[in-house]
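**Q** Pasting a predicted model and its sequence here:
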Amino acid sequence: MTYKKINSTIFIVLFFSSAFFIQSCSTPKKVLENNILSNKVDFKQYKTNNILVGATLNHYELNTKKEELFLKDFKYLTPANAAKQSRVHPQPNKWNWTIIDDFISFANKHKLAVRLHGPMSPQASKWAKQDHRTAKELETNLIEFTTAFAKRFNNEKSVVWMDVVNETILSNGKWFGPKEGTNKWENPWLKIGLDENGFPLYILKAFEIATKHATNIKLVYNQNSGMDAIMWDKVKETILYIRSKGYRVDGIGWQAHLLLGAKRKDFVDNTDETMRKLGGLIDWAHQNNLAFHITELDYLVKTKDLNKKESERKIQKRVYQKIIDVLVEKSKNGEVTINLWDVGERLKKGTGVFQSIYDEDFKPTPAYDVIKQLISN
């Protein structure tokens, strides 16, 4: 009898101790989340069909037809290239906040929710890409830029999210690194080195600084390419490792430049199987308390296919609809956002023309019907 009482007592103590532990572990995260949202524009009021939908503008597109089209449909903005290291702090003792500050004023005027696209990424300055640049020089520039960036925008009411890193891993699962010269797509920041477990120091340092100084902003790990399993497994491993260091990661971003890094054979020829993989990635994000952001959605019509632009736009509409069907379903389990990279056509010389939802004459394309349905309550 005594033995049973002792076991019962131990069980009760362990039960309530476990409950207290779970409560104490979960409460700070909930309090932090509430603190972030209480200091920012309430983006949830802008959701339609449980998804926040937005688009990108370039600085030169302010006060143009594209601004008018953006404001007609969207309350979620990502300034295209205005917040990047190459624009703001390209080299020692050189700073330029003018362009991104214009966007913040624009966002505040129109009560927009903003995701700042200023990550440590391959979109680095020529100074950073110079072959003789040392690890110490790069680390100093990274620390200066990331610290100033986080402090400057932490209390901006419109700034809800920021991309901390971008395009860190190749589709084969290897870390993306530097190349010779300054005119190639490369990632010079890997020169800073790896830690004892093989993770890039620049990624860890960027999240360490953002965690410390961007306490009121949600932190996003942005990634390009398609649904390559080996790449996303590396992203997942890296995010969990960042968190193990005590740093915050609040969301995964997937660029979704369709038919560029995201291959045609996957998204056009094998759409359903690829959507299954996308759904699985979103599930993993939500299971790990991460929001899922499509950050740069567009559809490339390659130069050789420009004579088939109209038929390609119909394919674009079909693929967009499939993606959005997945997002709507998965939004039942966690936060999902989608951002169009531009609202009109975007020419990349030697590559082709990226399609969004308006054509070269600012007439709606077939894909607009899909987006319009999504943003209609």
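**A** Structure received.
**Q** Would you confirm that residue 129 contacts residue 186?
**A** Yes. Counting by Cβ atoms under 8 Å, residue 186 is a contact partner of residue 129 at 6.2 Å. Every residue, glycine included, has its C-beta placed from N, CA and C.
**Q** So which residue is smack in the middle of the protein?
**A** The chain has residue 253 as the residue nearest its centroid, 3.3 Å off, counting by Cα atoms, centre = their mean.
**Q** Contact partners for that one?
**A** 163, 166, 220, 221, 222, 223, 293, 294, 295 (Cβ atoms under 8 Å, 6 or more residues apart in numbering).
**Q** Assign a three-state SS to the nearest residue to residue 341 once chain neighbours are set aside, would you?
**A** Among residues not flanking residue 341 along the chain, residue 296 sits closest, at 4.0 Å (Cβ to Cβ, 6 or more residues apart in numbering). Recorded secondary structure, residue 296: strand (DSSP: H, G, I helix; E, B strand; the rest coil).
**Q** Could you pull out the helices in the protein for me?
**A** 2-38, 65-73, 85-88, 98-110, 126-129, 135-153, 201-213, 229-244, 264-267, 271-287, 309-330, 366-375 (DSSP state H).
**Q** Nearest to residue 258, out of these?
**A** helix 264-267 (5.4 Å; Cβ to Cβ).
**Q** circling back: how about the residue nearest to the centre of the chain: what's its closest non-neighbour residue?
**A** residue 222 (3.6 Å).
**Q** The one you found against residue 257, yeah?
**A** No. Counting by Cβ under 8 Å, residue 222 stays clear of residue 257, with 11.9 Å between them.
**Q** Burial check on the closest residue to residue 227 other than its chain neighbours, number of neighbours?
**A** In space, and not counting its chain neighbours, residue 227 is closest to residue 277: 4.0 Å by Cβ to Cβ, 6+ apart. Applying other Cβ atoms under 10 Å, we find 17 residues neighbouring residue 277.
**Q** pretty sure residue 277 is touching residue 228, no?
**A** No. Applying Cβ under 8 Å as the test, residue 277 and residue 228 come out as separate, 9.1 Å apart.
**Q** need the contact list for residue 324.
**A** 51, 338, 370, 374.
**Q** domain parsing for this structure?
**A** 1-38, 41-375 (automatic domain parsing).
**Q** Pull up the distance across the longest one, start to finish.
**A** With Cα to Cα, to the nearest Å as the measure, domain 41-375 spans 19 Å from end to end.
**Q** what is the mean pLDDT for that domain?
**A** Mean per-residue pLDDT for domain 41-375: 98.
**Q** and it, how far from the chain's centre?
**A** What separates the centre of domain 41-375 from the centre of its chain is 4 Å, taken as Cα atoms, centre = their mean, to the nearest Å.
**Q** Ramachandran angles for residue 335?
**A** The phi/psi pair for residue 335 (degrees, to the nearest 10) reads phi -70, psi 130.
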